[in-house]
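Student: from the sequence below, what's the structure:
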Amino acid sequence: MDTTPAGTPALLRTLNARAVLDALAAGARLARPDLVAATGLSKTTVAQTLRALEATGVVTEAGLDRDRRGPAATLYRIDPDYAFGLGVDVARDRVRVALVDVTGAVRARAERRDVKATPTARARAAAELARACVSDVEARLPEGTRVEVTRAVAAVPAIVGPDHVTIRRVPGFEKGGTELHDALVDALGCPVTLENDVNLAALAEQRDGVAAGVRSFVVLGLGDGFGAGLVLDGRLHRGAAGGAGEVSFLPHPGRSLGAETLGATSLAAIAKENGLRDAVSVQEIVDRAENGDAASGDVLDEVAERIAVVAASVALVVEPELFVLTNQAAREPIAGRVRRFLTEKLAVLPVQVVPSELTCDAVVVGAARSASDALRDEVFRAAAAHPGEPDTAAAHPGEPDTAAVPDEREEAAS
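Tutor: Residues are numbered from 1 along each chain as shown. Modelled structure (predicted):
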């Protein structure tokens, strides 16, 4: 019985292009037989897909493989300079950017602190940093090569609506609306997608971090605020309106319903109760605890307990395989306390907690990765629209080749 799902020719060409580009994404130079083996696609489909990708410019020939038996085989590679995107981390007190290419490699980074907390100031800072990154990369490319940013993904410490344009108006969060998105589009001169910062940290952990290969996990991020990013069955779970993971207001023992469990306000209150000055940051508290400050250690005891209770509450609902602590929560003074509390007080629950190895880079790495994915999606659409190749959509693994397309470009080996 044929169980191949029905699809339009354009959809099938898109899937074929994705498979071939994924096989080339690691930077390897591969011949057609290598791509057939890596993708499971037929020889005909690989040949036609390569022609479509070459037509976009993202795939180029990369010499000949004269080492294999038989005629020399043409090698192919992704041109990493074909397209560039930008990952932007719009935090409360700074802006960071990472320039990424179509392969997902970060080519340059820049950061600016003490940015005024207005959409216009943040957008202008992002644009200035982007220009610095572009200049840095251009200086390392052949003379006359220009870098153009065509897609950006911006991380924000707020709830982002399903349109990835609107910040939701929620009590306790900064002003909502589309003002930040519009300012970024105007300053960067390209399409911009907004996403919650911890959601992007979760995507970074899935692709490049300790959660690689884990189907269901939760990232718990502690910085200026506290939030979660949920990946369930391999997919980011945003909720119906983008608010999934806003765990800072989960009920906590001894606190009134609706009170902030962990965040800027509660962190300040805990610090004050333990004799620390006003406006001390969680990073400063962790630094002091590392140096043996007892009051800071007492603050982190309370912080770690609240993180552990949140993890336990989430575990009772979705039971993920793994919890990943990121940003300041990944540092040992907090991560160690969280693990100890769970072991001593909540051992009955199957909660596995590990610190992120991406530390404070997780958000900007996730934004850059998402920007690169958007670039690749544009390539897939362009390849799917490539006209005139016979039977491109019809050839699948296990089907006989029906088009008279040569297996390899045969050239005499010298």
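Student: so residue 202 touches residue 367, yeah?
Tutor: No - using Cβ atoms under 8 Å, residue 202 is not in contact with residue 367, being 11.9 Å away. Backbone N, C-alpha and C define where each C-beta goes, glycine included.
Student: neighbour count winner among those two?
Tutor: residue 367 (33 against 30; other Cβ atoms under 10 Å).
Student: helix, strand, or coil at residue 272?
Tutor: Here residue 272 is helix, with the state taken from DSSP: H, G, I helix; E, B strand; the rest coil.
Student: just the helices from the stretch 251-400 of the chain, written as ranges.
Tutor: 264-273, 282-290, 294-318, 332-345, 362-384 (DSSP state H, counting those that start in this stretch).
Student: tell me which of the ones you listed approaches residue 10 most closely.
Tutor: Residue 10 sits nearest to helix 362-384 of all these, at 4.5 Å, using Cβ to Cβ.
Student: what average pLDDT does that closest one get?
Tutor: Averaged across helix 362-384, the pLDDT comes to 92.
Student: and stretch 106-124, what's buried?
Tutor: Under the neighbour-count criterion of 16 or more other Cβ atoms under 10 Å, stretch 106-124 has 106-110, 112, 115, 119, 122-124 buried.
Student: repeat for stretch 340-356
Tutor: 341-342, 351, 353-356.
Student: give me the contact list for that stretch.
Tutor: 201, 205, 209-210, 219, 304-305, 308, 311-312, 315-316, 319, 321-327, 329-332, 335, 338-339, 362 (Cβ atoms under 8 Å, 6 or more residues apart in numbering).
Student: do stretch 203-212 as well
Tutor: Here stretch 203-212 has contacts from 104, 202, 214, 217, 219, 229, 231, 234, 236, 322, 324, 326, 354-358, 361-363, 365-366, 369-370, using Cβ under 8 Å, 6+ apart.
Student: mind giving me the ChimeraX select for those residues, buried ones only?
Tutor: Only the buried entries of those go into this ChimeraX selection, using 16+ other Cβ under 10 Å:
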select :104,202,214,217,219,229,231,236,322,324,326,354,355,356,358,361,362,363,365,366,369,370
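Student: distance-wise, check the residue nearest in space to the middle of the chain relative to residue 38.
Tutor: By Cα atoms, centre = their mean, the chain has its centre lying nearest to residue 366, at 2.6 Å. Distance of residue 366 to residue 38, given as Cβ to Cβ, to the nearest Å: 26 Å.
Student: what do you get for residue 385?
Tutor: In terms of Cβ to Cβ, residue 385 sits 24 Å off from residue 38.
Student: who has more neighbours, these two?
Tutor: The residue with more neighbours, out of residue 385 and residue 38 and counting by other Cβ under 10 Å, is residue 38; that gives 16 against 13.
Student: surely that one touches residue 30?
Tutor: Yes - the criterion here is Cβ under 8 Å, and residue 38 meets it with residue 30 at 7.1 Å.
Student: shared neighbours, these two?
Tutor: residue 23.
Student: where does the stretch 151-300 of the chain have low pLDDT?
Tutor: Along the stretch 151-300 of the chain, the parts satisfying pLDDT under 70 run over 170-175.
Student: count the residues that sit near the closest residue to residue 275 other than its chain neighbours.
Tutor: Sequence neighbours aside, residue 295 is the residue nearest to residue 275 in space, at 5.3 Å (criterion: Cβ to Cβ, 6 or more residues apart in numbering). Per other Cβ under 10 Å, the neighbour tally for residue 295 reads 15.
Student: kindly report the same for residue 163.
Tutor: 11.
Student: same thing with the one 4 residues further on?
Tutor: One way to gauge burial is a neighbour count; for residue 167, by other Cβ under 10 Å, it gives 24.
Student: start at 317 instead
Tutor: Yep, numbering from 317; the last one is residue 483 now.
Student: residues in contact with the residue nearest to it when sequence neighbours are not counted?
Tutor: Setting aside the residues directly before and after it, residue 483 is nearest to residue 492 in space (Cβ to Cβ, 6+ apart), at 4.4 Å. With contact taken as Cβ under 8 Å, 6+ apart, residue 492 is in contact with 474, 482-486.
Student: would you list the buried entries among these?
Tutor: For the contacts of residue 492, buried by 16+ other Cβ under 10 Å: 474, 482-484.
Student: of those residues, closest to residue 560?
Tutor: Nearest member of the buried ones among the contacts of residue 492 to residue 560, counting by Cβ to Cβ, is residue 484, at 12.2 Å.
Student: quick one: contacts for the closest one?
Tutor: Counting by Cβ under 8 Å, 6+ apart, residue 484 has contacts 474-477, 492, 557-559.
Student: end-to-end on stretch 591-605?
Tutor: 14 Å (Cα to Cα, to the nearest Å).
Student: chain center to it: distance?
Tutor: 29 Å (Cα atoms, centre = their mean, to the nearest Å).
Student: next, the buried residues of it.
Tutor: 592, 596-598, 600-602, 604-605.
Student: ok, those residues vs residue 408, which is closest?
Tutor: Among the buried residues of stretch 591-605, and counting by Cβ to Cβ, the member closest to residue 408 is residue 597, at 10.4 Å.
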